[in-house]
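Participant: Next comes the sequence, and after it the predicted model I'd like to discuss.
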Amino acid sequence: NTSSLTELSISNNNIGDDAADEIAVVLSRNTKLQKLYLGGNNLQSEGVIKISKALGNTSSLTVFGIENNNIGDDAADEIAVVLSRNTKIQKLYLLGSEGVIKVCKVLGSSSLTDLGIENSNIGDDADEIAVVLSRNTKLQKLYLPGNNLQSEGVIKI
């Protein structure tokens, strides 16, 4: 029984999309989950979409780590939907993820205090990140290493 689970960390286990269905079932039955770490699991867009949809009813989630997976545009759209519904998320980690800009666009007025966007090559999209950050008054920690920001991008942000 995982209905009382408040934290789930299964990062760096290379579970791939095969386990996404089972994880989604567990998550859909849990309304108390506060922290979810799924980084480095070789999840593809299909698996990330399934997991994100299962999180749709979880309003208690405050930390979401989905870094180092293969998040494409479709999965980024689904993550953005989850984040727009859950205003309690305080920490989000998207290291090495595609679709970062789509996800970040919904974060402007959120309660986000920590944002990690590492190795996601957002250099050309620094303008969009800067706009999002300007609307978030609660952000305390921002991690942007390995994003090819160049001087111009750093100045914008």
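Facilitator: Thanks, I have the structure now.
Participant: got the buried residues for stretch 148-157?
Facilitator: 149, 153, 156, 157 (16 or more other CB atoms under 10 Å). Placement of C-beta: from N, CA and C, glycine included.
Participant: Now the first one. Nearest residue, chain neighbours left out?
Facilitator: Taking CB to CB, 6 or more residues apart in numbering as the measure, residue 149 lies nearest to residue 123, with 5.2 Å between them; neighbours along the chain are not counted.
Participant: can you check the last one too?
Facilitator: The shortest distance from residue 157 to any residue that is not its chain neighbour, by CB to CB, 6+ apart, is 5.0 Å, and that residue is residue 130.
Participant: Check which helix or strand the one you found maps to.
Facilitator: Secondary structure assignment for residue 130, by DSSP states H and E: helix 126-135.
Participant: on contacts alone, who are the packing partners of that helix?
Facilitator: helix 100-104, helix 150-156 (3 or more CB pairs under 8 Å, 6 or more residues apart in numbering; DSSP states H and E).
Participant: Need the mean per-residue confidence for the helix or strand that it is followed by.
Facilitator: Once the chain leaves helix 126-135, the next helix or strand it forms, by DSSP H and E, is strand 141-143. With pLDDT averaged residue by residue, strand 141-143 scores 89.
Participant: Would you mind pulling the contact partners of strand 141-143?
Facilitator: By CB atoms under 8 Å, 6 or more residues apart in numbering, the list of residues contacting strand 141-143 from outside reads 113, 114, 115, 116, 117, 118, 133, 157.
Participant: How about the contacts made by the first one?
Facilitator: What that stands for is residue 113. 90, 91, 138, 139, 140, 141.
Participant: which of the residues in the helix or strand bottoming out on mean pLDDT in the chain are buried?
Facilitator: Taking mean pLDDT, DSSP states H and E as the measure, the helix or strand of the chain with the lowest value is helix 100-104, at a mean of 78. Along helix 100-104, the positions that meet the burial threshold by neighbour count (16+ other CB under 10 Å) are 100, 101, 102, 103, 104.
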